[in-house]
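Q: Let's see this in three dimensions:
(chains A and B)
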Amino acid sequence: EPEVTQTPSHQVTQMGQEVILRCVPISNHLYFYWYRQILGQKVEFLVSFYNNEISEKSEIFDDQFSVERPDGSNFTLKIRSTKLEDSAMYFCASSEAGRLVAETQYFGPGTRLLVL
Amino acid sequence: AQSVSQHNHHVILSEAASLELGCNYSYGGTVNLFWYVQYPGQHLQLLLKYFSGDPLVKGIKGFEAEFIKSKFSFNLRKPSVQWSDTAEYFCAVNAKAAGNKLTFGGGTRVLVKP
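A: Below you'll find the predicted structure:
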């Protein structure tokens, strides 16, 4: 069964450094998402992406964050200058369709980011 | 803004016991509803979903959930749990008028004692 994959599984970085989290969505899916879960808190939506542009973003997704689909398979989340409060588990998800059709989002295993 | 609440943070029960996890949401429009499960060390997996039609939906591994629109609820049930059901369970809602993002509840950790 096709799965969403994410790399790395764990990342430790120093405050102020840039990090790039990578995701490979399911191959025939068109909508891609990033969510995060700070330890002890709810899973929160960050951003959705369709047709090579952001379709929706949350208040959390400020100018420090960006997303990109650099090629036909990868979907990345970049944090330009990490802060301590960016420490969280970051989940990528994808769905076959999105806004106009009720669809299921399939999640990757997550990347645990620790900012020191 | 939509929100989702799960009433229990932790549930401990013995094998063969029945399980019911509560989920309530706050949103007056059309919603799609999901239960995801995260087994230890694994990623979020879809247990079941409700989009429309019969409000009683059946999912994988013997789970079912009932959508009660008047109560804004989507409770998850399993008549007889197994040790392998030990996991964290997340209720999630997509309010169609608010785009395609999911809003999650806080999760319920379920421990099934053998």
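
Q: pLDDT below threshold where in the chain?
A: Using chain A here. Applying pLDDT under 70 to chain A flags residues A:98-102.

Q: change it to 80
A: Within chain A, the stretches with pLDDT under 80 are A:1-2, A:72, A:97-102.

Q: Tell me which helix or strand the spatially most central residue of it sits in.
A: Centroid-nearest residue in chain A: A:Trp34, 2.9 Å away (criterion: C-alpha atoms, centre = their mean). Following DSSP states H and E, the helix or strand that holds A:Trp34 is strand A:31-37.

Q: which parts of that strand are buried?
A: A:31-37 (16 or more other C-beta atoms under 10 Å in any protein chain shown). No exception for glycine: its C-beta is placed from N, CA and C like everyone else's.

Q: so who does B:Lys96 touch?
A: For B:Lys96, the contact set (C-beta atoms under 8 Å, 6 or more residues apart in numbering or on different chains) comprises A:102, B:29-32.

Q: How about B:Ile60?
A: B:Ile60 makes contact with B:47-48, according to C-beta under 8 Å, 6+ apart.

Q: what's the spacing between it and B:Gly99?
A: 27 Å (C-beta to C-beta, to the nearest Å).

Q: Equivalent analysis for A:Glu1, please.
A: Separation of A:Glu1 from B:Gly99 (C-beta to C-beta) stands at 27 Å.

Q: Counting neighbours, go ahead and name the busier of those two.
A: B:Gly99 (14 against 4; other C-beta atoms under 10 Å in any protein chain shown).

Q: Count residues in the vicinity of the closest residue to A:Gln11 other than its chain neighbours, would you?
A: Of all residues not flanking A:Gln11 in the chain, A:Leu113 sits nearest, at 5.1 Å (C-beta to C-beta, 6 or more residues apart in numbering or on different chains). Per other C-beta under 10 Å, the neighbour tally for A:Leu113 reads 21.
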